[in-house]
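Student: Predicted coordinates and the sequence they were generated for:
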Amino acid sequence: MKRCKRRYNSKKGVTLVELVVAIAIVSIVFASTMTAIVHGYISIVENKSLEDASAQAQGVADTVSTALEKAFSSNNYTGDATDQTAKKTFYNNLVLETIDGDGTYDGLSTKLNNVKFIDQISNPSVDFPDSSSISDMQCTVQYLTNSLPTSASDGSHKEFAGYKVMVNAKSSQGDIIASSIVTIK
């Protein structure tokens, strides 16, 4: 019995100060954990916004590239192959018809009505992307020529001509640019 009495008479226990300190520590750990969870969620939402914009931009670039490839394959240049200016003019007009339509068929600008097409074929000095535009999606097609090194041992180069399709998509985290290249065969 004396033993039990001593146990209950002991002064061991939790003081008010210890309780306040314990609550403060638990509160700090809880606040830190919640902050990490909130920041993680915000990061997920931001990444989703970038991912969506990127997917939309690449989808438009692929659609435009496919339409240009189809137009190029069904409308071959039949003029003088050495006259590069006439060949470039032919393909430039074909690109503009594919985008704007040719009177009989609707062009890509009608089919992709949420995309603002910026004409850098007729006016290469126009800025892309157009910062004054309120459109969330902008597209341009640029003519390019280049010389690529071949795998030949003599270090020769192969000339190619084609078009670069660039699409700018706005997201909450900034602009995304997707591009593709369509070569002329």
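Tutor: Here it is on my side, so go on.
Student: can you list the weak-confidence ranges in the protein?
Tutor: 1-11, 146-160, 185 (pLDDT under 70).
Student: For it, which segments count as strands?
Tutor: For the chain, applying DSSP state E gives strands covering 116-118, 137-149, 157-171, 174-183.
Student: Report all helices and strands that the shortest one contacts.
Tutor: Spelled out, that is strand 116-118. For strand 116-118, the packing partners by 3 or more Cβ pairs under 8 Å, 6 or more residues apart in numbering; DSSP states H and E come out as strand 137-149. Where C-beta positions appear, they are placed from N, C-alpha and C, glycine not excepted.
Student: Mind naming the longest helix for the chain?
Tutor: Counting by DSSP state H, the longest helix found in the chain is helix 16-74.
Student: Which residues are in contact with Met34?
Tutor: Listed by Cβ atoms under 8 Å, 6 or more residues apart in numbering, the contact set of Met34 is empty.
Student: what about Leu19, how many neighbours?
Tutor: 10 (other Cβ atoms under 10 Å).
Student: Okay, it and Ile25: tell me how far apart.
Tutor: 11 Å (Cβ to Cβ, to the nearest Å).
Student: just Thr89 next, same as before
Tutor: 76 Å.
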